[in-house]
Structure formats: C-alpha cells, structure tokens
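In: prediction below, plus the sequence it came from.
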Amino acid sequence: MPEGDTVWNTARVLHRALAGACLSGSDFRVPQLAAADLTGWTVQESASRGKHLLLRLTAPPRAAAPGDHGGARWTLHSHLRMDGAWRAYAPGERWTARPAHLIRVVLRSARGVAVGYHLHDLALVPTAEEEALVGHLGPDLLGADWDPAEAVRRLAAHPDATISEALLDQRNLAGVGNLYKCEVLFLRGVSPWTPVRAVPDLAGTVALAQKLLAANRGRWTQSTTGSLHRGQTSYVYGRRAQPCRRCGTAIRKEELGERVTYWCPLCQPEHPAG
C-alpha cells in the first residue's frame, strides 16, 4: 500500500499538471460518476491528507448545484489503496503507465492530462464536506498541522493493541504504511507485537516516523538507511531471510492479508506477555 510520502508526491504531480487550469474535458469510468462532466471547471489545487488525495476545483455557474451560486468549490476525492495510481501526461503524449482497462478517470486541460488508474473511493463532494471523508484521520505526518502530541495521545488510547497495528491505524496518525511501520520499529528496537502500553517511548517512535516520511518527501525512491542504491534502502523491509544489517540474524517476514511485517528477532526481542 502506498505510504504517505508517495501520496504526497502524487498530489504534487497533479498540482503541477493541473493547478490553475480550466478543464477541457473529463471522462469518468466508474458507475457513481459516469454522468459527471467537469468541462469548464477550474482546478484550484491538489492536496493529500494521509493516504487520501483531494483535488479541489471550482465549478462554473452552469454546473453549480441547485441552490448554490456560481463558483462553488468541489473536491474530487480518491484513494490509491494497494494498486491505484495517478499519472500526468503532456497533451498528445501516449499513455503508457497501465493498461487502458484500468483507467478510472481522465482529466484534460490545454496544459496537461491526468489519468487515474485503478483508483478507489472516487467521490465528488462539496469542498466544505471534505471532513466527511477524511475527518476520522489522525494527525497527518506530512501535513502543515502535524501534531505529534495528539498522535501519541491517540496511540496511547489503545494500550492493548500491538504497536504494529496501532501505527497502521490511520485514525491514530495518517501516513504510515507497512514499509515505515517495519523500519521505524526496527530502528527503535521494538518488536512489532509489543503492546502499545509496553513501548518505552511512544513520542520517540512517532517522531522517528515523521522524520523518515519527511526525509523521503519529494522523491520516489524511499530510503530509511540514507542510501539510494538498489538493495540498500531499507533495514528490514523486503529483506526476508537476508542478514540483519546490525547483527547478521536472518530477517523474518509474516503476512496477514495486506499487512506485511519484517523484523529482526534479535534486534527486536518480543516483549513478554502481561
């Protein structure tokens, strides 16, 4: 599943391609928006909130909802989940990122074309009602309003949850996925199965998570080691059975649906039950 920094980067790609542009056409290929036509709408900005993408637009007077005045603000919401992606192309450029049958939306302007592949939770809502879609999220690790104390408070409110589960719960803090979960816990020397109540320094864990995401913001290669060379970008993530970079013990992996955990059994000893 894309991490918060990947979603942040995607929002910037869309912003560069469309912000300030008047859309010359749109093509929605999902039932709930099949009749939507954004021709003439102006893109104001593209933003991210945790793992959610928010493309904010202004509708022309003819497209305003009944009872609204012209210039109503609307938000096109999307979520990438495991396999979604947005790509930006120059007008006339061939779309090569994914097969055409995966396209869910196309937004055209004189300056660029944005194509959304295999997107999830597509919705067009008044911008004033965005909170109905993202209001449940915890503090955004890459947001201007990042609040580490609130993130710690939310984590601590679930003392019996494992720290692995708690970090992935977007209601606690928004933006951590499997990669950063694994890397943060390795660097902190904490077993993924440690109850939240037994984590020695929740504030330090939260601070490290934010530091790692922020360090990778603006680039597509995610690194927690400081190296951008292939095969050297992570300590444990994606390294099952390979030697731990600290102690040489074989890295372990466990899968439960979409939740994948990598850890070093020596550097991250499991906390005794109780």
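Out: In hand now; what should we look at?

In: only C-alpha atoms for contact and neighbour calcs from this point on.
Out: OK.

In: tell me what the helix or strand hosting residue 16 is packed against?
Out: Assessed by DSSP states H and E, residue 16 sits inside helix 4-18. Here helix 4-18 touches strand 42-49, strand 52-58, strand 85-89, strand 113-117, helix 202-216, going by 3 or more C-alpha pairs under 8 Å, 6 or more residues apart in numbering; DSSP states H and E.

In: within its sheet, name the partner strands of the third one and how each one runs.
Out: I take that to be strand 85-89. Note on strand 85-89: by DSSP bridges, its sheet partners are strand 113-117 (antiparallel).

In: what residues does the partner strand touch?
Out: By C-alpha atoms under 8 Å, 6 or more residues apart in numbering, the residues outside strand 113-117 that reach it are 14, 17-18, 84-91, 98, 102-108.

In: among the helices and strands packed on helix 4-18, which comes closest to residue 128?
Out: strand 52-58 (10.6 Å; C-alpha to C-alpha).

In: which outside residues touch stretch 150-160?
Out: In contact with stretch 150-160 (C-alpha under 8 Å, 6+ apart) are residues 138-139, 166-167, 171-173, 195-197, 202-203, 206.

In: and the average pLDDT for the helix holding residue 16 is what?
Out: Across helix 4-18, pLDDT averages out at 96.

In: what does stretch 260-274 give?
Out: 84.

In: which one among the contacts of stretch 150-160 gets closest to residue 130?
Out: Using C-alpha to C-alpha, those come closest to residue 130 at residue 138, 14.7 Å.

In: neighbours of the closest one, how many?
Out: 22 (other C-alpha atoms under 10 Å).

In: could you look up the SS state of it?
Out: coil (DSSP: H, G, I helix; E, B strand; the rest coil).

In: residue numbering should commence at 886 henceforth.
Out: Taking 886 as the first residue, the last one we looked at is residue 1023.

In: residues touching it, list them.
Out: Counting by C-alpha under 8 Å, 6+ apart, residue 1023 has contacts 1036, 1039, 1055-1059.

In: so what strands line up beside the helix or strand of the chain with the lowest mean pLDDT?
Out: Scoring the helices and strands of the chain by mean pLDDT, DSSP states H and E places strand 1137-1141 at the bottom, with a mean of 91. Note on strand 1137-1141: by DSSP bridges, its sheet partners are strand 1144-1148 (antiparallel).

In: would you map the strands across the stretch 936-1085 of the chain?
Out: Listed in chain order, the strands of the stretch 936-1085 of the chain (DSSP state E, counting those that start in this stretch) span 937-943, 958-964, 970-974, 988-994, 998-1002, 1005-1011.
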